[in-house]
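>>> everything below, folded, please.
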Amino acid sequence: MSDLKVRSGGPGTKSGLLSPSKGQLSKKGSQTQSQMQRSQIRQRSKLMSGSRHRMDDGDHDDEWLVAKDPIKPADQLELSEVELKQEFTRIINANNPNAPDNIIRFSFKDLEYKQLGTVDHCSFHFSLDGNMVHKESDEARRQISRQKMSTKKKKKKTKSTGTGPDEGIEDTEPKAEEEQAGEEGAGEEGGEAEGEEGAEGDEEIEQKEEEEEEEEVDDGQAKPLRNQFNFSERASQTFNYSMKERGTMTEPPPQYSYSANVTQFVIYEAYKAHLEKQAALKAKGGEAASSAPEQAKAPEPDVERGAEEGSSWGAVAKVVSKAAVQKLERMVNQNTFDEIISDFAFYDDPSDDFKEGEGTVLPLWKFAFSKTKKMTVTAVVWNPRYPDMFAVGYGSYDFVNQAGGSVLVFSLKNPSHPEYHISTTSGVMCIDFHPEHSSFVAVGCYDGSVLVYDLAARSLAEPLYRSTARNGKHTDPVWQVAWQPDDLNQNHTFCSVASDGRVTQWTLVKKELVNVDVIVLSPKAAIGTAGEQEAAEGAETPLSGTCFDFHKSADLLFVVGTEEGKMYKCSKAYSTKFLQAYAPHSMAVYAMHWNPHHPSIFATCGADWTLRIYDHDFPDPIFTFDLGDAVGDMAWAPFSATTFTAVTTNGNVFVFDLSKNKHEPLCQQQLVKTSKLTHVAFGAKEPVILVGDGRGNVHCLKLSPNLRKAIKDKKLKDPEAQKALMDKVLDSVREAPKA
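Just a heads-up that it's a prediction; the model follows:
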């Protein structure tokens with residue numbers, strides 16, 4: 001058994017043979033492995049010799065059949081079997097190492113430049129625009145139908161010529177020979193002219209044959225389906241629209257919980273207390289006593305009168321309480337003017353960061369009323385108690401076109417409709433709120449009368465007090481009124497100035513007005529006054545007063561301006577003489593205002609295009625600004641002693657700050673183009689100004705941060721700091737005293 005060698009699967013294998021032992025199998029396996037290795041080495045050497053022989057012979061066609069031995073480099077590492085079997089994992093990614101990762105683009109959402117978070121690693125090595133058309137498209141169908149038409153024409157031609165192309169050619173050859181022979185005979189018999197006609201006919205035949213050959217070539221070749229529009233697939237990515245959510249939150253209505261036990265005794269005592277109250281009211285005098293509690297209440301809009309005038313919520317207000325309707329209307333307006341309210345509360349002009357020493361005003365609301373449309377705004381005054389409420393007077397400065405007037409009281413919380421509406425028979429020229437009793441309004445009219453209204457009264461159809469010819473009303477238009485401190489008997493008083501030259505003090509005594517002339521403006525009163533250089537010619541002719549303003553701390557001291565441009569300092573203690581005369585304007589003086597922070601400074605403006613600032617102890621102005629047109633009004637800022645604003649008749653708004661620039665305004669902005677600006681008023685607590693125009697509109701403007709820096713300066717909260725700031729500006733422009 002050990003000497004028998006049998007190939008596996010050969011004819012010598014039999015199933016009946018006994019299997020060799022394990023030792024014999026191992027020896028036999030080792031022998032067969034060694035034999036296989038020796039046979040492989042012999043075959044490899046033969047191939048190598050054969051490959052060298054072929055290469056020597058120059059036959060290189062079968063080089064790919066030759067087995068090539070790998071050449072071991074000299075610096076190859078010697079690795080063990082364990083090291084060779086060790087696996088190293090490498091991750092291959094598609095990232096482009098040359099792709100830039102610091103691309104910065106502008107973000108329209110955040111309004112700033114930002115670095116892109118993603119890097120585009122895709123790069124195109126080859127791109128080709130295709131010309132394929134979808135077989136179901138309209139273009140493909142037209143091309144297929146065109147191809148079918150050409151094949152049908154080709155089939156028709158083959159049928160007309162014969163069974164095949166060869167037969168048609170054979171048939172045409174003898175016909176062509178006969179035609180040529182006939183033509184030759186005719187050519188010999190004919191003349192030269194006929195020969196020329198035959199030549200032309202030959203040319204036409206050749207052209208037809210060429211066209212037929214071209215058609216056959218076109219019919220024989222398959223026309224490719226081409227896309228005449230040069231279609232190419234492209235893709236583009238756009239920015240997704242950012243989602244925005246906007247919501248408005250209002251204050252919830254107040255809720256009250258009330259619970260009580262009601263018995264017959266409680267009902268009886270309630271009726272008894274009510275009857276006693278009615279009896280006490282009747283005993284005090286009826287209507288006078290019943291109106292007293294109404295005057296003590298806070299100002300409320302006249303809802304019944306609004307319903308009679310056709311207000312949309314007047315009918316509801318008869319059932320619901322006045323306060324509830326007022327809050328409901330303000331809530332609706334808050335939703336309507338949501339963007340403007342946001343600008344009023346939070347918006348600051350970002351351009352102020354790049355414009356040092358300059359600023360702007362932002363238009364917010366525009367207050368108007370249908371019944372005062374195209375009337376001139378003659379007065380704008382803030383309420384001293386409610387910082388959001390202001391009164392507007394309407395009339396006309398044209399003495400030829402005079403009609404009735406109105407007084408409207410608006411609130412910033414309700415820009416769509418006035419809170420109060422007062423109609424007058426004559427045009428309103430000026431108004432003023434009482435500093436303590438905010439419901440009292442003094443009104444001066446074009447016909448010379450002065451009126452006093454109480455906004456807390458049940459009806460505003462008639463004033464509480466009215467001046468008439470019996471109690472000494474003015475004979476010319478009243479240009480300004482101003483409330484004064486109460487007299488010794490605690491009666492309310494106010495003063496007025498009119499074109500008749502009288503400065504009159506009015507006292508509210510019971511139900512009538514009592515007047516006393518403080519001073520009569522005339523050249524006679526200016527004789528011997530410091531600063532007055534004119535002679536006493538025409539001393540009896542009164543001057544036409546146009547404006548005045550009382551000192552903030554000295555109650556008796558005031559300054560007055562005239563239509564002739566002259567200005568005087570007066571005192572209520574001297575009724576026949578001026579204390580001081582100042583360098584006059586060349587035209588009428590429109591407004592005069594004391595500085596609220598400095599007791600010695602006041603400003604004037606007039607029709608001579610100038611705005612002047614005076615020290616009341618000196619006759620000449622300290623500052624003079626030429627604004628390019630008639631200056632209708634000016635106002636000092638309540639938050640700074642050096643800031644003031646002015647408006648001109650050409651529609652411009654000016655804002656000055658003497659501590660920043662003593663020569664030019666920080667802001668000059670045109671507000672209207674088709675009408676003139678008449679009056680301006682600074683907000684007491686908010687950085688806004690009100691500007692009235694000649695068409696019955698009142699514009700609310702917000703100051704930019706550069707125009708209200710004094711509000712954020714804590715040092716200027718002290719009144720002495722404000723005075724020191726103004727003194728510093730005055731010292732820089734005053735001339736040094738001569739030795």
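>>> can you give me the mean pLDDT across the host helix or strand of residue 151?
When secondary structure is defined by DSSP states H and E, residue 151 falls within helix 138-161. Predicted confidence along helix 138-161 averages 84 (mean pLDDT).
>>> so who does residue 414 touch?
Each residue near residue 414 by Cβ atoms under 8 Å, 6 or more residues apart in numbering is listed here: 329-330, 333. Every residue, glycine included, has its C-beta placed from N, CA and C.
>>> neighbour-wise, which one of the residues you listed leads?
Neighbour counts for the contacts of residue 414 were taken using other Cβ atoms under 10 Å; the highest belongs to residue 329, which has 19 neighbours.
>>> isn't that residue right up against residue 415?
No: here residue 329 does not reach residue 415: they are 11.1 Å apart, not a contact under Cβ atoms under 8 Å.
>>> residue 498 contacts residue 472, correct?
No: contact criterion Cβ under 8 Å: residue 498 and residue 472 do not qualify, at 11.5 Å.
>>> between the two, what contacts are shared?
Residues touching both residue 498 and residue 472 (Cβ under 8 Å, 6+ apart): residue 504.
>>> compare these two and say which is more crowded by neighbours.
In this comparison of residue 498 against residue 472, neighbours counted by other Cβ under 10 Å, the higher total goes to residue 498 at 25 against 16.
>>> for that one, give me its contacts.
Applying Cβ under 8 Å, 6+ apart, we find residue 498 in contact with 444, 448, 474-479, 504, 545.
>>> list buried residues within those.
Burial of those was assessed by neighbour count (16 or more other Cβ atoms under 10 Å); the buried members are 444, 448, 474, 476-479, 504, 545.
>>> tell me which of the residues you listed fall in strands.
Counted as lying in strands by DSSP state E, out of those, are 444, 478-479, 504, 545.
>>> nearest to residue 384 among the residues you listed?
For these, the minimum distance to residue 384 (Cβ to Cβ) is 18.5 Å, reached by residue 444.
>>> ok, now how distant is the closest residue to the closest one other than its chain neighbours from residue 429?
Of all residues beyond its chain neighbours, the one nearest residue 444 is residue 478 (3.2 Å), with distances taken as Cβ to Cβ, 6 or more residues apart in numbering. Here the distance between residue 478 and residue 429 works out to 6 Å (Cβ to Cβ, to the nearest Å).
>>> repeat that for residue 452.
When distance is defined by Cβ to Cβ, residue 452 is 15 Å away from residue 429.
>>> the more surrounded of those two?
Higher neighbour count among residue 452 and residue 429: residue 429, with 25 against 20, using other Cβ under 10 Å.
>>> look at the more buried one and tell me its secondary structure.
Classification of residue 429 by DSSP: H, G, I helix; E, B strand; the rest coil places it in strand.
>>> out of the ones in strands among the buried ones among the contacts of residue 498, flag the one nearest to residue 708.
Each of those was checked against residue 708 using Cβ to Cβ; the closest is residue 479, at 30.8 Å.
>>> the closest one contacts residue 499, doesn't it?
Yes: the pair residue 479 and residue 499 passes the contact test of Cβ under 8 Å, sitting 7.0 Å apart.
>>> what sits in contact with each of those two?
By Cβ under 8 Å, 6+ apart, the residues touching both residue 479 and residue 499 are 545-546.
>>> if we can go back for a sec, anything in contact with each of residue 478 and residue 429?
Here residue 478 and residue 429 have 444-446 as joint contacts, going by Cβ under 8 Å, 6+ apart.
>>> can you list the low-confidence ranges for this structure?
When the per-residue scores of the chain are filtered using pLDDT under 70, the ranges that remain are 1-40, 42-68, 159-233, 285-322, 526-540, 735-739.
>>> recalculate using a threshold of 50.
Segments of the chain classed as low confidence (criterion: pLDDT under 50) are 1-29, 51-58, 164-199, 217, 219-220, 289-310, 313, 316-317, 535-536, 736-739.
>>> helices of that one, start to end?
Using DSSP state H, the helices of the chain run over 22-57, 81-85, 138-161, 165-189, 192-220, 264-284, 287-296, 303-308, 314-319, 322-336, 338-346, 709-712, 719-733.
>>> circling back: so can I have TSV of the buried ones among the contacts of residue 498 showing distance to residue 660?
Conversion of the buried ones among the contacts of residue 498 to TSV gives the following (distance: Cβ to Cβ, whole Å):
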residue	distance to residue 660
444	37
448	43
474	42
476	41
477	38
478	38
479	33
504	41
545	35
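>>> looking at the residues you listed, which one is closest to residue 684?
For these, the closest approach to residue 684 (Cβ to Cβ) belongs to residue 444, at 22.4 Å.
>>> need the contact list for the closest one.
For residue 444, the contacting residues are 428-431, 450-451, 477-481, 496, 498, taking Cβ under 8 Å, 6+ apart as the criterion.
>>> let me know the distance separating residue 431 from residue 494.
For residue 431, the distance to residue 494 equals 11 Å [Cβ to Cβ].
>>> ditto for residue 485
From residue 485 across to residue 494, the span is 10 Å (Cβ to Cβ).
>>> more neighbours, the two?
Here residue 485 and residue 494 are compared on neighbour count by other Cβ under 10 Å; more neighbours surround residue 494, at 21 against 10.
>>> residues touching that one, list them.
Going by Cβ under 8 Å, 6+ apart, residue 494 touches 432, 442, 450, 452, 481-484, 505-506.
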